[in-house]
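In: coords below, sequence missing:
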C-alpha cells in the first residue's frame, strides 16, 4: 500500500483539497485499494475544524465530497507512517521539517515539484481564489499520480 500525506498550514483548504482530489483520481484508476491518502496541518490553529467552505464548494462542483474531514496536526511519527509527505508550498516544507526533524528517506517535497512547472500553491484562505488553487492541486495530483504509477510499475 502506498501511503500519502498532504500537508498545508491549517488542513482546511489546500491539503484536504489535495487529499480528496487524489482519492478521486486513484478511484477513477480503480486503484483505491492500493493507496492510503490523508492530510494534516503544520499548525494547531484549525485542529478539529471542518474543511473550509471554499474548498468544499469547489470540490462539490466535481462531485467530490469532503464529508467527515476535520483538521488534524502533523506528528513526528507520521514520517515513519507515510511513503510521501507533500507540502503545498515552501513554508509548509519548513513546517514539516520543524515537526519531523529530518528527511533521510527523501519523502518530503512540494506537490507541484512533480509537475513540469514546480512552484508553490497559493493559500486560498488568503487569496480567496479557490479556482486557481484547485487547478494547481489537480495539476500536482495528476503529475504525482503519474509518477507513482510509473515508479511502482502500474503503467
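Out: Everything's here; your move. These numbers come from a predicted model, not from an experiment.

In: so where's the protein shaky on pLDDT?
Out: The chain contains residues with pLDDT under 70 at 155.

In: where do the helices sit along it?
Out: Assigned by DSSP state H, the chain shows helices spanning 14-28, 53-60, 78-81, 90-100, 124-127, 130-151.

In: identify each buried residue in the fourth one, please.
Out: Judged by neighbour count using 16 or more other CB atoms under 10 Å, the buried positions of helix 90-100 are 92-93, 95-96, 99-100. To be clear about C-beta, it is placed using only N, CA and C from the backbone, and glycine gets the same treatment.

In: same thing with the last one?
Out: Under the neighbour-count criterion of 16+ other CB under 10 Å, helix 130-151 has 130, 133-134, 136-141, 143-145, 148-149 buried.

In: who are the contact partners of the nearest residue to residue 119 once chain neighbours are set aside?
Out: Spatial nearest neighbour of residue 119, chain neighbours left out: residue 112 (5.2 Å); criterion: CB to CB, 6 or more residues apart in numbering. Contacts here follow CB atoms under 8 Å, 6 or more residues apart in numbering; on that basis residue 112 touches 118-121, 136, 139-140, 143.

In: make it 7 Å
Out: 118-119, 121, 136, 140 (CB atoms under 7 Å, 6 or more residues apart in numbering).

In: residue 50: which of those residues is nearest?
Out: Lowest distance from residue 50 to the contacts of residue 112 (CB to CB) belongs to residue 121, with 20.4 Å.

In: who's in contact with the closest one?
Out: 14, 88-89, 111-112, 133, 136-137, 140.

In: out of those residues, who's nearest residue 80?
Out: Nearest member of those to residue 80, counting by CB to CB, is residue 111, at 20.8 Å.

In: residue 84 is in contact with residue 110, correct?
Out: No - counting by CB atoms under 7 Å, residue 110 stays clear of residue 84, with 11.4 Å between them.

In: can you add distance to residue 106 and give the helices of the chain back as JSON lines?
Out: Below are the helices of the chain laid out as JSON lines (distance: least, CB to CB, whole Å):
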{"stretch": "helix 14-28", "distance to residue 106": "19"}
{"stretch": "helix 53-60", "distance to residue 106": "29"}
{"stretch": "helix 78-81", "distance to residue 106": "12"}
{"stretch": "helix 90-100", "distance to residue 106": "12"}
{"stretch": "helix 124-127", "distance to residue 106": "29"}
{"stretch": "helix 130-151", "distance to residue 106": "13"}
